[in-house]
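1. take this sequence and fold it.
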Amino acid sequence: MPDTVQFPMRFGSSSGQPVTRRDGIAKVTGTATFAADNAPANLLHAVYVSAAIARGTVTSMDVEAAKAHPGVVEVYTPDNVPPLPGDASSKPFMFAFRFEPLQDNSVRYANQPIALVLAETLEAATEGARLLAPKYAAETPRIGLDGNAPFEIEGGGFGLPGTTVHGDVEAGHAAAEASVDLTYETPEQYHNAMEMHAVVAEWDGDHVVLDVPSQALVMSCAAYGYYLGIPAENVTIRCPYLGGGFGSKAALNGPTVLAIHAARLIGRPVKLMLKRDQMFGPVFHRGATRQRVRIGVDGDARMTVLDHESLAVTSSFDDFIESAANASQGIYSAGALRSAHKGVRADVGTPGPMRAPGEASGSAALESAMDEMAEKAGIDPLEFRLRNYAETEPGSGKPYSSKALRECYAQGAERFGWSRRPLAPRQMTDENGMLVGWGMGTALFAAPMFAAKARAVIRPDGTGLVETAAADMGQGAWTVLAQIAADSLGLPLDMVEFRSGASTLPDAGVAGGSGHTATAGGALHAAGQDVVARLAEMATADPDSPLHGAGNATIVARDGRFWVEGDDSRSDGFADILARNGGAEIEGTGGANRPQEAGAAHAMYAHGAVFAEVKVDPDLFQTRVTRLVGAFAAGRIINPKLAESQLMGGMIWGLSFALHEEAKYDMRTGRVVNGDLAGYHVPVNADVKGLEVITVHEDDPYVNPLGIKGVGEIGITGTVGAIANAIWHATGTRIRRFPVRIEDLLAGSR
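-> Got it, this is the predicted structure:
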């Protein structure tokens, strides 16, 4: 906003309205264009050959047979592909991962690319890949938490959580009058977005245009530029639609970079789309964990210590450690806190960020352990959490920017009927003789904000245009960000054009960490304020405007007009102002970034509570979740409909984590044996019943100028433990590995 504008302003509001998603019709009618839908002229189709072993070397491939197949144009193997200009084994950026662009014949995990076939048709490329018939010298793969020796982690940024200690942990253990010492395991989980990873790469000299799904369009240009040896500005990414990401599309992966490299080498556009089974390996996943949680309490059931250790699987060639133990850092008051991490190397693709990374796995263990401690102390699980309620951030002592967790507990418990819950397990059955159990868990997720920029324009006809390179992977960013922009411009939503999904637009940061709305929305809000202030200054300086000389009054921007507050006779339309001043559009820009002092002064989280009901067959131990009630406080809600959708989606993922989802490995080959949507189980409609979301009002003056917190990931964090605790309440059996299996419940019943 120009320094010359001194008068206060108020804006109209599209925020807070349950607007239907703007991209919905395009997606359900099939007119939305995803990356692999693009087909430039002279296109070649690429298929990469996946390693059938997890450890060893490729000894031979029948390249001549593949090249002889009609339609095959080129076959790239380690014998003929030149190295990338940028070192693929380095990690020059925060979100960089090491990958393998066919530089040698070694195999480090199953489904690793070992060759790339280019052909005139997808069918020819597929058949050429089959004809390569690779042979291997296989070694015994190291798989799972016990497949190798653990190693210590030195904390150091993204994917490298260290050890955090607050207070005297040993004294906390010694002072405890009652305690639990528990171990939980969570499995590998793989991203299975509906849109698989894909790229269409078209070079023009040393410039490249990429149709590629990306959660961080501008940031990714710099990364691609590094590996391809060109400036970031020579990379253009187009991603108007993104069919799910969950974190996997926030960073580059080997197959995509290899296809772009091949397009440059061959001199023609190249399209590569991974097959569903190839999503299990090179494009990140959630690593398995084994977590030890020790809790000690005094005679009043107040925690003297919360001690959380985690062992997580990473790859043999890179480090990404699921930061599970950190889930215990910001949530409960305790005399002493410790979170510690170790890693174990396995012959798998490198794990990476997956929806609620760290917190999903860590909260599953923590919330289960809290329930077990409450049982041992002989008090209700909700009462136990309230006794250990943190009024300031544990460890740091910083005040929360806002915290309505008590209200979440109260409203969720009332809606669920928690007060009727018997303390002991196996006390409730339904009319069909099914065992009924009730459980709960606390939800917590950080409220980050990143750097972003935006541009806003008011056109001569009084309509608005806003631009930022945001990513909508299904969460509704196109709609919510347009609502924020319309609000800042003082225009109805249908008078605002929102442009996004291309790296040529102002940098909107990364769509991840539940921070995209706050980040990109903050930049759009600032840009809108800037352009409206410029226009208002133009009006008040114009002798022909009814607003002339109103610089000391409060100006209201609403429905494309300015009004002097309290004087309805003084009003001027945006289009009229521009017409009297040359008729050209007017532009403003804005940026968003949380001031360092704001983060230093306050702890910033979204909070919530999830209550679960399960029904368990007393003979077969089949388990169904029949009710989930989640109450969440996440700052200002821009679009209640879409926020509720996101929170429901998180809770459904929590149900998936608790009962369905895991990758199963063939320990002989290291391959994922359920690498498809038939064997990799996720909930379907029939698995989800009685789902209810409550959003608890919360004003946060510190978290960012709009008071926004994220809702994309927090729904997972309370749900897994709530379901596990409900299963115990129904059956009397504690299960400490996820997903909960019928065989474990049967064993516990004996």
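2. okay, buried residues for stretch 331-351 please.
-> Neighbour counts over stretch 331-351 (16 or more other C-beta atoms under 10 Å) mark 331-351 as buried. In short, each C-beta sits where N, CA and C put it, glycine included.
3. show me the domain layout of the protein.
-> What automatic domain parsing lists as the domains of the chain is 9-32+450-593, 35-140+204-279, 397-448+600-749.
4. can you give me the helices for the stretch 201-350 of the chain?
-> Secondary structure of the stretch 201-350 of the chain (DSSP state H, counting those that start in this stretch): helices at 217-228, 254-266.
5. which SS class is the residue lying closest to Asp567 once chain neighbours are set aside?
-> Spatial nearest neighbour of Asp567, excluding adjacent residues (C-beta to C-beta, 6 or more residues apart in numbering): Ala553 at 7.7 Å. Secondary structure, DSSP: H, G, I helix; E, B strand; the rest coil: Ala553 is coil.
6. and the pLDDT for Ala553?
-> On pLDDT, Ala553 comes in at 77.
7. run a quick neighbour tally on it.
-> 17 (other C-beta atoms under 10 Å).
8. isn't it up against Pro546?
-> No - if you go by C-beta atoms under 8 Å, Ala553 and Pro546 don't touch, sitting 11.7 Å apart.
9. identify the contacts common to these two.
-> Counting by C-beta atoms under 8 Å, 6 or more residues apart in numbering, no residue touches both Ala553 and Pro546.
10. flag the shaky bits of this protein, pLDDT-wise.
-> Scanning the chain with the threshold set as pLDDT under 70 gives 1-12.
11. at 90 instead, please
-> For the chain, the stretches with pLDDT under 90 are 1-15, 92-95, 100-101, 154-158, 549-556, 565-569, 595-600, 748-750.
12. which helix runs longest in it?
-> In the chain, taking DSSP state H as the definition, the longest helix is helix 516-540.
13. buried ones in stretch 625-634?
-> 625, 627-634.
14. coming back round to it: among the domains of the chain, which comes closest to Ala312?
-> domain 397-448+600-749 (14.2 Å; C-beta to C-beta).
15. helix or strand next in line after the longest helix of the chain, which one?
-> Per DSSP states H and E, helix 516-540 leads on to strand 555-558 as the next helix or strand towards the C-terminus.
16. show me what the helix or strand just after that following strand is packed against.
-> Downstream of strand 555-558, the first helix or strand assigned by DSSP H and E is strand 561-564. Contacts defined by 3 or more C-beta pairs under 8 Å, 6 or more residues apart in numbering; DSSP states H and E place strand 561-564 against helix 516-540, strand 555-558, strand 567-573, helix 574-580.
17. hmm, back to that, dump the helices of the stretch 201-350 of the chain to a markdown table, plus mean neighbour count and distance to Val208.
-> Shown next, in a markdown table, are those (neighbours: other C-beta atoms under 10 Å; distance: least, C-beta to C-beta, whole Å):
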| stretch | mean neighbour count | distance to Val208 |
| --- | --- | --- |
| helix 217-228 | 23 | 7 |
| helix 254-266 | 23 | 7 |
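18. so which of those comes closest to Ala26?
-> helix 217-228 (19.0 Å).
19. distance of Glu661 from Thr554?
-> Glu661 sits 53 Å away from Thr554, going by C-beta to C-beta, to the nearest Å.
20. how about stretch 60-76: buried residues?
-> 61, 63, 66, 69, 71-76.
21. these in strands, which ones?
-> 72-76 (DSSP state E).
22. return the member of those nearest to Phe450.
-> Closest to Phe450, out of all of these and judged by C-beta to C-beta, is Tyr76, at 36.4 Å.
23. now Asp430: closest residue in space that isn't a chain neighbour?
-> Val436 (5.6 Å).
24. the helix or strand hosting that neighbour - contacts with which helices or strands?
-> Per DSSP H and E, Val436 falls inside strand 435-446. Packing contacts for strand 435-446, counted by 3+ C-beta pairs under 8 Å, 6+ apart, involve helix 359-377, helix 381-387, helix 405-416, strand 428-429, strand 605-616, helix 714-731.
25. could the ones you listed go into JSON lines alongside mean neighbour count and distance to Gly528?
-> JSON lines is the format used below for those (neighbours: other C-beta under 10 Å; distance: least, C-beta to C-beta, whole Å):
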{"stretch": "helix 359-377", "mean neighbour count": "26", "distance to Gly528": "33"}
{"stretch": "helix 381-387", "mean neighbour count": "19", "distance to Gly528": "41"}
{"stretch": "helix 405-416", "mean neighbour count": "20", "distance to Gly528": "32"}
{"stretch": "strand 428-429", "mean neighbour count": "16", "distance to Gly528": "53"}
{"stretch": "strand 605-616", "mean neighbour count": "29", "distance to Gly528": "25"}
{"stretch": "helix 714-731", "mean neighbour count": "30", "distance to Gly528": "28"}
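26. among those, which comes closest to Gly462?
-> Proximity to Gly462 (C-beta to C-beta) singles out strand 605-616 among those, at 37.0 Å.
27. partner strands of that closest one, with direction?
-> Under the criterion DSSP bridges, strand 605-616 sits next to strand 435-446 (antiparallel), strand 623-633 (antiparallel) in its sheet.
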